[in-house]
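Colleague: I'll drop the sequence and a predicted model, then ask my questions.
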Amino acid sequence: APLGGRRKRGEYGEAIGRSRGGRTTKLHALSDAKGRPRVLLHSPGNVNDVRMAGALLAAAGPAERLIADKAYDANWLRLALAERGVEAVI
């Protein structure tokens, strides 16, 4: 496919994004306290990680705390977690 300005149909639905390294995909995982995966979602590689936080939390159900890396550090996420009574460890 040409690398022109038009995006090929279906790329976002298949979670394929463009980055400096080419066409990529990210896997977002949420696990329980024992490290077992509870939720797995994929997104295009050029999408910011924190954009997937809402979908991860909605699929996860109740939780006591959320441990995440700095890619998930956003005020709106911290407020949403506080409203649910979830401790944010970022």
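Modeller: Structure's in. What do you need? Numbering: from 1, shown residues only.
Colleague: and the helix or strand where Leu79 lies, how far out from the chain's middle?
Modeller: Assigning secondary structure by DSSP states H and E places Leu79 in helix 75-83. With C-alpha atoms, centre = their mean, to the nearest Å as the basis, helix 75-83 stands 15 Å off its chain's centre.
Colleague: go on, stretch 78-90?
Modeller: Offset of stretch 78-90 from its chain centre (C-alpha atoms, centre = their mean): 16 Å.
Colleague: Identify the residues contacting the helix holding Leu79?
Modeller: 50, 53-54, 57, 66, 87-88, 90 (C-beta atoms under 8 Å, 6 or more residues apart in numbering). For every residue, glycine as well, the C-beta is placed using N, CA and C.
Colleague: what would those look like in CSV with secondary structure?
Modeller: As requested, the contacts of helix 75-83 are exported to CSV (DSSP: H, G, I helix; E, B strand; the rest coil):
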residue, secondary structure
Val50, helix
Ala53, helix
Gly54, helix
Leu57, helix
Leu66, strand
Glu87, strand
Ala88, strand
Ile90, coil
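Colleague: Mind checking which of those are buried?
Modeller: Using 16 or more other C-beta atoms under 10 Å as the burial test, those include 53, 57, 66, 88 as buried.
Colleague: Need the nearest residue in space to the most centrally placed residue in the chain, chain neighbours excluded.
Modeller: Of all residues in the chain, the one closest to the mean position by C-alpha atoms, centre = their mean is Met52, 3.0 Å from it. Of all residues not flanking Met52 in the chain, His28 sits nearest, at 4.6 Å (C-beta to C-beta, 6 or more residues apart in numbering).
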